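Peer 1: Structure here, sequence nowhere to be found:
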């Protein structure tokens, strides 16, 4: 064995050679140009020497004199060339011999013969090995073009000195031939220093099958079975398999014996590979033809090693050192195939960018391990830079299994385990190939990838971790929102209730059971005031430019579902939420709707829709409105509040019709309020104006009529007049919406409720007031002590929480009190309980008084009795002194909604 | 006069009950042509609206809010789904000495920490050393508060048809001169990278107007190589 072996190569094959040499007890020498000073192969050798000149790293590895210089300097007695670079260069072999250094490979004459495709073919013919029709080699383009006709198309242009798929072009038509020849010649000249090319018959649908050969100096030659390398992209091998799947044993045996015959005929020594094509289509199916011999170790040698347990690189070294195959224990009879192996080349080529090789810094590198996994890698650690100078291969993944199917399964698992970040990789593409049923069945040809363009698309690694930290890092550096002012996590303030329990049935179930018309009728008929809570939409739209994120809404929703199941609805969608989600929050509004629907299964979800434009600004044809409403309803919107800024009902018709067409959603049509209808000077926006509008709205089929006071102009008295008149004239329920801009709208809501309004909008206390809605707690507290008699219940705490849309404590029915009179000391049913309840927090574990399984009304008894006079401006009735029978009848009804 | 006011006066939102304020309206609309009407949708979009839920949603997003939807897609593609982030993390980023937990999926947690923020290099890039699940992860961030003096290579404008860009990094050799008449598909340059050579072809018929690089130059992906004046 040699004392010291210099490896004239880099990357994974250099490391492979160092490993083999180490096991054989030889010392090792690496070479590296300046650009490769960080490469792992330099560190894996005992000694390393810099070669070449800065700026020309590839040239360094091709410089015979430099290699010899280092060999002499380091005292190496052998040079291992690997593959590529100088591995097939007779000049290196010859120069080494001159200096008494052994070139680990075949002798120069064999290199020349095998490397020259034309002479190789002649030897093959002489050895009785079938070959392809071809022209002589030339650098005369015209001569070659003329010769092409004898062979026919498709045809290959091949570089005489080429290999590894380089300097090769397939041409299908005559007119593409001349430019292809010119380009191939240029490439051959720059890569190999020899511009000569020849033309050769192309097989129609070939499988690429090659046979591994080992031969010693005595001429003893063995084969180590075959490999299938059909899965190629632009003649670059992607996946290699040993043994070739689905190969007729007679054909396999023929390949093996042809390979050995050829190697013998040229007096081959050391390791080599004889390549064949197997026709799989047309009249010549099943025929094999010799194409070339590679007089060196190949990239895919690993699969042969895995299925034969023969260390090929060590064999190369030992043979070069003079040992015979017999010394190595390698006789044909005792070389056995065991199982199957599959190699995937992991590269930085990006399949979605036409396999453009990516460069950059690897920020994470985790490789797979475990049974049957073999990794041969170059410089691939976190922090390494992938340079553009050399090829893009990061690592070779070789997986072994009991049979081909097992090897495939193992490869899939190993690929899935890889975590390579910072550069693109071809891993998604490899995964797609391994999932392809034809591949798994072993039905391959060199057209495999071309036939399946879908393999190149899609399947991008989600890489969620890297993407999220990219956002976090960017935000940390650029601070678009300044410093974090919060010291408290709002989630810590959520009440301690069990949100895994099933929430109480609510308005959503009621809507399902009764249908929209029945739902509206029930709303009209119920005695308690229904409340829509707007914190999830209008409140933060008004106060916070709609900037509350889905996550926070969804965190709170289960609490709303369980603490206030009596709500008529939660207004949570539409308005500006759609635009802001997309534009400013990086969220999809539909995903928000889906998430809220799931977190709030029992309360109706309400959205605001603007006439024809739905949520956008461009007036589209009705198809868009229809599709929007259809999708929104299907996704969980129960109540659509439809409005038009100028109260044009015809503009609202398409949306109204679309909602009615769903059959399951409620069409609440809004009439926008402005001015002051009680002002004697008001000439336009009078009571009559609203009544005429309401008539159109009701004719259009609205289930509920809403009064939308966008600017907070509706005064209490005006509200009372408008609400009572509307209710007298129409059968639909009336829903009042206002903004507390001037600060007095609680009064308006109370007046409206007193006048018979069926529902009002309110917002969670900390998100209420000014441009938002009046406070829900205030509405409920103001109306809690209503006069309807019977069934006393305690008043749970009304707690004002920190900023955030969450709620605690809403009073349930507490009859026996007037809504408009303060509680007097004398007639309090349970003073103690109320006081205690108002004092502090609910202790953890204590059952919240509100968590009661009954359909309690949210707000009781502020409704004006039906017996009030019709058709005029009724006086706001007092709630005390209603006929007892009526009261009891109402109390009997358990099913109250919010 | 803002566009929204002009549009309003032109009747985009409908007709004002009680009539329009004159002479204000006439003044606003003077010399302006505002077309008020329904914007049609294409047959493809109409079909997409009738399709499955995912397609319908995507189409509605795009029709109703084209620019925000595009912005949203870019954020999604670059940063993934940000909705699992805690709002404080989303708005303010990482704080030193704090471990941030992000549950990106049920049962999948990421533990993120901040180790250090590096100095900015001459391109205004900082290395933010983070830890992800306990392992160091450098993230390269452009600090937008820093103006960069370094002259960047001219990038091709992909919206202009005659601009020829380098498809990836490598060394480009020009094959054409100013004034040459070229046809679409004709090679105008060749690029060498990773020891492979490929042709770069003219995207349109026309005349070579300008060469943006020297005869043989190293380039980055997207760099402008040749400008062709398209034949009309």
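Peer 2: Good, I have the coordinates. The structure displayed is predicted, hence computed values, not measured ones.
Peer 1: State which helix of chain B is the longest.
Peer 2: helix B:66-79 (DSSP state H).
Peer 1: That one close to chain A?
Peer 2: Yes. Contact of helix B:66-79 with chain A (Cβ under 8 Å from any Cβ of the partner chain) involves B:67, B:68, B:69, B:71, B:72, B:75, B:76, B:78, B:79. Glycine gets a C-beta too; all of them are placed from N, C-alpha and C.
Peer 1: Serialize those to a markdown table and add fields for pLDDT and neighbour count.
Peer 2: As requested, those are exported to a markdown table (pLDDT from 0 to 100; neighbours: other Cβ atoms under 10 Å in any protein chain shown):
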| residue | pLDDT | neighbour count |
| --- | --- | --- |
| B:67 | 92 | 10 |
| B:68 | 94 | 19 |
| B:69 | 96 | 20 |
| B:71 | 95 | 15 |
| B:72 | 96 | 21 |
| B:75 | 95 | 19 |
| B:76 | 94 | 15 |
| B:78 | 93 | 12 |
| B:79 | 95 | 20 |
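Peer 1: quick one: which of the residues you listed is nearest residue A:4?
Peer 2: residue B:78 (51.6 Å; Cβ to Cβ).
Peer 1: list the contacts for that closest one?
Peer 2: A:467, A:470 (Cβ atoms under 8 Å, 6 or more residues apart in numbering or on different chains).
Peer 1: hmm, 7 Å instead?
Peer 2: Shown in contact with residue B:78 (Cβ atoms under 7 Å, 6 or more residues apart in numbering or on different chains): residue A:467.
Peer 1: again with residue B:205
Peer 2: B:183, B:184, B:230, B:231.
Peer 1: Centre-most residue in chain B?
Peer 2: Closest residue to the average C-alpha location of chain B: residue B:74 at 7.2 Å, with Cα atoms, centre = their mean.
Peer 1: Give me the pLDDT value at that residue.
Peer 2: Model confidence at residue B:74, given as pLDDT, is 95.
Peer 1: Also residue B:12?
Peer 2: 81.
Peer 1: again with residue B:156
Peer 2: The model's pLDDT for residue B:156 equals 87.
Peer 1: Is it in contact with residue B:162, as I believe?
Peer 2: No. Counting by Cβ atoms under 7 Å, residue B:156 does not reach residue B:162; the two are 9.8 Å apart.
Peer 1: When the two are compared, which one has more neighbours?
Peer 2: residue B:162 (22 against 18; other Cβ atoms under 10 Å in any protein chain shown).
Peer 1: hang on, that one packs against residue B:204?
Peer 2: Yes. Under the criterion of Cβ under 7 Å, residue B:162 makes contact with residue B:204 at 5.8 Å.
Peer 1: Distance from the chain centre to stretch A:722-731, please.
Peer 2: How far stretch A:722-731 lies from its chain's middle: 54 Å, per Cα atoms, centre = their mean, to the nearest Å.
Peer 1: Let me know the average pLDDT across it.
Peer 2: Stretch A:722-731 comes out at a mean pLDDT of 97.
Peer 1: Mind listing what's buried along it?
Peer 2: A:722, A:723, A:724, A:725, A:726, A:727, A:730 (16 or more other Cβ atoms under 10 Å in any protein chain shown).
Peer 1: again with stretch A:746-757
Peer 2: Buried-residue list, stretch A:746-757, by 16+ other Cβ under 10 Å: A:746, A:748, A:749, A:750, A:751, A:752, A:753, A:754, A:755, A:756, A:757.
Peer 1: How about stretch A:485-505?
Peer 2: Going by neighbour count (16+ other Cβ under 10 Å), the buried part of stretch A:485-505 is A:490, A:494, A:495, A:497, A:503, A:504, A:505.
Peer 1: Might you calculate how far the longest helix of chain B sits from the centre of the chain?
Peer 2: 9 Å.
Peer 1: Retrieve the pLDDT associated with the nearest residue to residue B:53 once chain neighbours are set aside.
Peer 2: Distances taken as Cβ to Cβ, 6 or more residues apart in numbering or on different chains place residue A:631 nearest to residue B:53, at 6.5 Å, with adjacent residues excluded. Looking at residue A:631, its pLDDT is 97.
Peer 1: got it, and residue A:790?
Peer 2: 34.
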